[in-house]
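# Sequence first, predicted model second:
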Amino acid sequence: MIRIGAFLVGLFLSGWLIVSFGVGAAAFISEPPKETAEHAFHEEPKQLTLASDGPLGQFDRQQLQRGFQVYKEVCSACHSMRLVSFRNFEDLGYTEDEVKAIAANWPTQTPSIDPATGEATTRKALPADAIPSPHANETAARAANNNALPPDLSLITKARHGGAAYIYSLLTGYQEPPPELATRFPDSMPGPGLNYNPYFANLNIAMANPLGGDGIVTYSDGTEATRDQMATDVSAFLVWTAEPTLEKRHQTGWAVIIFLIIATGLAYMSYRSIWAGKKH
Amino acid sequence: MSFSWAKHYEPKSDLSKWIDERLPLPRLVYSAVGAGYPVPRNLNYFWNFGVLAGFALMLQIITGIVLAMHYAPNALIAFDSTEHIMRNVNWGWMLRYAHANGASFFFIVVYIHIFRGLYFSSYKAPREMIWLLGLVIFLLMMATAFMGYVLPWGQMSFWGAKVITGLFGAIPLVGEPIQEWLLGGFAPGNATLNRFFSLHYLLPFVTAGVIILHIWALHIPGSSNPTGVEVKTESDTVPFHPYYTAKDGFGLGVFLILYCLMLFFAPNFLGHADNYIPANPLSTPAHIVPEWYFWPFYAILRAFTFDFLIIPAKLLGVLAMFASILLLFFMPWLDRSPVRSGNYRPLFRVFFFILLADIVLLGYLGGAAAEEPFVMLSQLGSAYYFAHFLIILPIISKIEKPKPLPYSITDAVLGKPGTGMAGGPVLQPAE
């Protein structure tokens, strides 16, 4: 009884699926789907090697400080970083006093309340504060950026496929659209307020090239600030903001794995000794 | 289960006698997992995975309870509370990654455990109840995992919840009221998040209860074994302790190494980048996919693209997706072969490996975009899946010629050749 019912259900489900497949296959063959502009012109991220890569990865704190400088002087004008607090920068190698200074001198002030009148106002940031957003709210952010919302950068390397390599490729990927784009896919040409960037998913990004040329930032450690260097440094910095505990994770991982290998080895020897001579 | 040669618990010290008279818990442990539980001596490593599954549940409960001390189930601050755990809570990053990857490893272990059951026909009489309870556990796990993934309130959390709760809307007549009742609103929102958190905390303990029944049901007939021949004499068995406590300990070590390699060195490999973006009801992600362990079912769901008479394609997809799990409940009655183990069923073996390849393919397709040629391949893959269980298996279990079974486990272990069906056929379950 059960098998008869199962047979009929199976016949219906498999049968209808084969019919659907047939119809779909016929449609696919008679009218193959057209290639999209994204498929033709989108590029996979370039290779990027950072000190934090791999299971032995550790941050290069000099690089993180340079990257922080790029974020502060270029990106923070439009992009918030609300999950990072100023006190976290001690992790980059700054002293407590340096962190206090960074917080107090931050271009945007922290929203606050006037203690006398209760009015909304702003104050200088303290190390305990999160980095204040450059815009008061989403509406202000969109108004200042042609209705596009600059994403918060705290987690950006974990929130995009390709991670830091994608960010680096995006920042160094601005170029003139190729002539084939205009001929084959004229609708995908960048409109007003958009910029062609083949590393971006739909090829046209609202952000203008933030690293327009070399030397936009003057690094305090004297490193030459080429576009490539700035893009690499800020990508490394953004890996840190997304995962400040990366080094601790790797270190703990090594300790745990080594312990487990020894313990499993002992467990294995114990297992063999218990089963010794017992055919199985 | 009463193997007559099983050792009996004999308390020696005064303290153990005192306890045994008042609460015989040590006696229970002794006869369940101790020296008093005889187990076939020829179990292979596929029999380790039940214990690993129990361990994975325990890991999830412990990490989950500690995470719940810091997590806030409110749509406005859930995402931030998760990042607070990652950045500020001592070892919070480890707890979060342990819990997220723990869910993946729980499913890996349970899938291998289920495939063991399918290959060695662990579902056959007299073990049908263990199998049915196991499927209930699997359904509970899926519900728990789905709700857990919603809790960080990232883009995939929100949109995955939207898609899956939207499926209930496909049920004719009562669908939309049920959907609104489940969601606590018209779309996933704070009400949904709060209740998902409550149920996500509850269901693991319900699962633990069903697992107790699952193990209790197992201890009635005792474990099956790779030959599928039932235990006959004492020489077929070894006491669970120390033989299988030692083997399980080693297996646990291997599991922990693989798990910790992923946790500490590739914690986001099985996840989706979009879930690190806070949920935005106004911005639909390009591709909405659930976590990898749901991908085969997602492929079956999306394979139905045409309405059938009055049944819309969406409803067909939902029914097929549920059918793909529900048909497993009928395995003891679909597979009529008197032989249990796939090792002695050459025709069954061939189709088993085709099924395995098919499910892996469906898994890949479930994570792919809903475009051609992936949809066409899912249609073929899903067609094979249903055909395998509902048409192929009942037929081959009747017509195939099994290899001769060993007379007993002891004979198999000592390498004696098979003597035909002298091993004894499986009792046929009542219809």
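That came through fine. Only a predicted model underlies this, so the values are computations on that prediction, with no experimental measurement involved.
# show me where the chain has strands.
Picked chain A for this. A:110-113, A:120-123, A:195-196, A:204-205 (DSSP state E).
# try chain B instead
B:38-40, B:237-239.
# Quick one: list the elements packing against the last one.
Think strand B:237-239. strand B:38-40 (3 or more C-beta pairs under 8 Å, 6 or more residues apart in numbering or on different chains; DSSP states H and E). In this view, the C-beta of every residue, glycine as well, is placed from N, C-alpha and C.
# Show me the residue at the heart of chain B, geometrically.
residue B:110 (3.7 Å; C-alpha atoms, centre = their mean).
# Next one: that one relative to residue B:336, how far apart?
To residue B:336, residue B:110 is 26 Å away according to C-beta to C-beta, to the nearest Å.
# re earlier: what's the nearest residue to the residue nearest to the centre of chain B once chain neighbours are set aside in contact with, if anything?
Computed as C-beta to C-beta, 6 or more residues apart in numbering or on different chains, the closest residue to residue B:110 that is not its neighbour in sequence is residue B:53, at 5.2 Å. Residue B:53 makes contact with B:106, B:109, B:110, B:113, according to C-beta atoms under 8 Å, 6 or more residues apart in numbering or on different chains.
# on that earlier part again, mind checking pLDDT for the residue nearest to the centre of chain B?
Each residue has a pLDDT score; the one for residue B:110 is 98.
# That one touches residue B:141, doesn't it?
Yes. If you go by C-beta atoms under 8 Å, residue B:110 and residue B:141 touch, sitting 6.6 Å apart.
# The closest residue to residue B:295 other than its chain neighbours - how many residues pack around it?
Spatial nearest neighbour of residue B:295, chain neighbours left out: residue B:366 (2.9 Å); criterion: C-beta to C-beta, 6+ apart. A count of neighbours around residue B:366, defined by other C-beta atoms under 10 Å in any protein chain shown, yields 25.
# And stretch A:146-165, end to end?
Length of stretch A:146-165, first residue to last, C-alpha to C-alpha, to the nearest Å: 27 Å.
# Now do that stretch: distance to the chain's middle.
5 Å (C-alpha atoms, centre = their mean, to the nearest Å).
# Run the contact check for that stretch versus chain B.
Yes. Counting by C-beta under 8 Å from any C-beta of the partner chain, chain B is contacted by stretch A:146-165 at A:151, A:154, A:155, A:158, A:159, A:160, A:161, A:163.
# any idea how far residue A:9 is from the closest residue to residue B:311 other than its chain neighbours?
Spatial nearest neighbour of residue B:311, chain neighbours left out: residue B:319 (8.0 Å); criterion: C-beta to C-beta, 6+ apart. Distance, residue B:319 to residue A:9, by C-beta to C-beta: 10 Å.
# Same check on residue A:187?
47 Å.
# Retrieve the pLDDT associated with the nearest residue in space to residue B:27 that is not next to it in sequence.
Using C-beta to C-beta, 6+ apart and skipping residues adjacent in sequence, the residue nearest residue B:27 is residue B:9, 4.3 Å away. pLDDT, residue B:9: 93.
# Same list (the strands of chain A) but as a markdown table, adding distance to residue B:340 and mean pLDDT.
Output for these, formatted as a markdown table (distance: least, C-beta to C-beta, whole Å; pLDDT from 0 to 100):
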| stretch | distance to residue B:340 | mean pLDDT |
| --- | --- | --- |
| strand A:110-113 | 69 | 93 |
| strand A:120-123 | 74 | 94 |
| strand A:195-196 | 64 | 95 |
| strand A:204-205 | 60 | 94 |
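# closest one to residue A:132 among those strands?
strand A:110-113 (4.8 Å; C-beta to C-beta).
# What residues of the closest one count as buried?
residue A:110 (16 or more other C-beta atoms under 10 Å in any protein chain shown).
# Next, the contact list for the residue of the stretch 301-431 of chain B found nearest chain A, please.
Distance from chain A to each residue of the stretch 301-431 of chain B (C-beta to the nearest C-beta) is smallest for residue B:390, at 2.7 Å. If you count contacts by C-beta under 8 Å, 6+ apart, residue B:390 has them with A:6, A:7, A:9, A:10, A:11, A:13, A:14, B:327, B:334.
# buried subset of these?
In the contacts of residue B:390, the ones that pass as buried (16+ other C-beta under 10 Å) are A:6, A:9, A:10, A:13, A:14, B:327, B:334.
# With pLDDT and distance to residue B:306 added, can I get these in TSV?
TSV is the format used below for the buried ones among the contacts of residue B:390 (pLDDT from 0 to 100; distance: C-beta to C-beta, whole Å):
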residue	pLDDT	distance to residue B:306
A:6	93	23
A:9	93	18
A:10	93	18
A:13	93	13
A:14	94	14
B:327	96	22
B:334	94	27
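# Could you list the residues of the stretch 1-150 of chain A in contact with chain B?
A:1-3, A:6-7, A:9-11, A:13-14, A:16-21, A:23-25, A:28, A:33, A:55, A:83, A:88.
# Generate the PyMOL command that creates a selection of the buried members of the residues you listed.
Entered in PyMOL, the line below selects the buried ones among the residues of the stretch 1-150 of chain A next to chain B, by 16+ other C-beta under 10 Å:
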select buried, chain A and resi 3+6+9+10+13+14+16+17+18+20+21+24+83+88
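# Tell me which residues of stretch B:369-389 come out buried.
For stretch B:369-389, by 16+ other C-beta under 10 Å, it's B:370, B:374-389.
# whoops, stretch A:105-123 was the one
Buried-residue list, stretch A:105-123, by 16+ other C-beta under 10 Å: A:106, A:108, A:110.
# C-alpha coordinates for that stretch, CSV please?
The C-alpha trace of stretch A:105-123 is given here as CSV (Å, rounded to 0.1, in the frame of the first residue of the first chain):
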residue,chain,number,x,y,z
ASN,A,105,41.0,66.4,17.1
TRP,A,106,38.7,64.3,15.1
PRO,A,107,37.1,66.3,12.2
THR,A,108,33.5,65.5,13.3
GLN,A,109,32.4,66.0,16.8
THR,A,110,30.3,63.5,18.9
PRO,A,111,26.6,64.2,19.3
SER,A,112,25.8,65.3,22.8
ILE,A,113,23.4,67.2,25.0
ASP,A,114,24.0,70.6,26.5
PRO,A,115,24.1,69.9,30.2
ALA,A,116,22.6,73.3,31.0
THR,A,117,19.7,73.6,28.5
GLY,A,118,19.3,70.0,27.2
GLU,A,119,19.6,71.1,23.6
ALA,A,120,21.2,68.7,21.1
THR,A,121,24.8,69.8,20.5
THR,A,122,28.2,68.2,19.9
ARG,A,123,31.3,67.8,21.9
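# Give me the neighbour count for the residue nearest to residue A:20 when sequence neighbours are not counted.
Leaving aside its sequence neighbours, residue A:20 sits nearest to residue B:306 (C-beta to C-beta, 6+ apart; 4.9 Å). Residue B:306: 14 surrounding residues under other C-beta under 10 Å.
# Thanks a lot, catch you later.
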